[in-house]
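Engineer: Build me a model from this:
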Amino acid sequence: MSLSMLAQSAGFALTGTVLETKFGPPANNNSGLFFVTPAIFSVMGFWIVSFGFTVGKARSNAIEAAKKDGEKDVEERYGLPNLYAQGTSKHVRTFNCVQRAHQHIFEQFTQAVLMGTAAAATFPITAGASSLIYFVGRYSLSTGYAAAEGDASKRYSSALAKYMWYGLVSNFFLSVASCGYQISGKKLW
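Structural biologist: Numbers count the residues shown, from 1 in each chain. All right, here's what the predicted structure looks like:
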């Protein structure tokens, strides 16, 4: 994570909170805008489940291709309950990129939902925008990783993939600001 990305994310969060505080709806006015962020994460949750099916399909395709190419111990190396396939063949690397794309989602999703929801309690517009940025970046990164054909360096092939990190870190800053506001009961700016 670069200092530039941290600074840009903090700048987005700060600018959004100041603008939303000055020109947006009053905090805690139950305008319904709070629910934009949970709606984004609900759609994302459905996408995650559907993306999980690509792992099963990739596993079946890898097993079939490995058998066709005469690899040894295919069922043992690729089959369940193995999370990742064992070995270094082209088919192993291709399958493992798909599996890693899916597994990588779960490494940040809980934090993303928690921070986005906490941020939306006070800054629903900025949190919704930041959560949408996270989702678009996450989608781009995961689909790029899954399509990398065994070359993990291609996971950032989409220019939008890096924005997953901007959305996640922006929501971190927003959630801290929101919690500060909620605890103190005072406007921050």
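Engineer: distance from the centroid: which residue in this structure tops it?
Structural biologist: Centroid-distance maximum for the chain: residue 70 at 36.9 Å, with Cα atoms, centre = their mean.
Engineer: So that residue: helix, strand or coil?
Structural biologist: Three-state call for residue 70 (DSSP: H, G, I helix; E, B strand; the rest coil): coil.
Engineer: and residue 80, which of the three is it?
Structural biologist: Of the three states, residue 80 takes coil according to three-state DSSP.
Engineer: Would you mind measuring from the closest residue to it other than its chain neighbours to residue 127?
Structural biologist: The spatial neighbour of residue 80 that comes closest, neighbours along the chain excluded (Cβ to Cβ, 6 or more residues apart in numbering), is residue 59 at 7.8 Å. Yep, even glycine has a C-beta here, placed from its N, CA and C like the rest. In this structure, residue 59 lies at 36 Å from residue 127, with Cβ to Cβ, to the nearest Å as the measure.
Engineer: Which one's more surrounded, those two?
Structural biologist: Higher neighbour count among residue 59 and residue 127: residue 127, with 31 against 18, using other Cβ atoms under 10 Å.
Engineer: Share the number of residues neighbouring residue 101, please.
Structural biologist: Residues near residue 101, counting by other Cβ under 10 Å, number 23.
Engineer: these two touch, right, it and residue 155?
Structural biologist: Yes. The pair residue 101 / residue 155 is scored as a contact, 7.3 Å apart, by Cβ atoms under 8 Å.
Engineer: what's near enough to touch the residue farthest from the centre of the chain?
Structural biologist: When contacts are counted by Cβ atoms under 8 Å, 6 or more residues apart in numbering, residue 70 touches no other residue.
Engineer: quick one: low-confidence parts of this structure?
Structural biologist: In the prediction, the chain carries residues with pLDDT under 70 at positions 1, 27-30, 187-189.
Engineer: what residue is smack in the middle of it?
Structural biologist: Per Cα atoms, centre = their mean, the C-alpha nearest to the average position across the chain is that of residue 138, at 3.8 Å.
Engineer: Does it touch residue 165 like I think?
Structural biologist: No. With contacts counted by Cβ under 8 Å, residue 138 stays clear of residue 165, the gap being 9.6 Å.
Engineer: Nearest spatial neighbour of residue 96, chain-adjacent residues omitted?
Structural biologist: residue 84 is the one closest to residue 96 (Cβ to Cβ, 6+ apart), at 5.1 Å.
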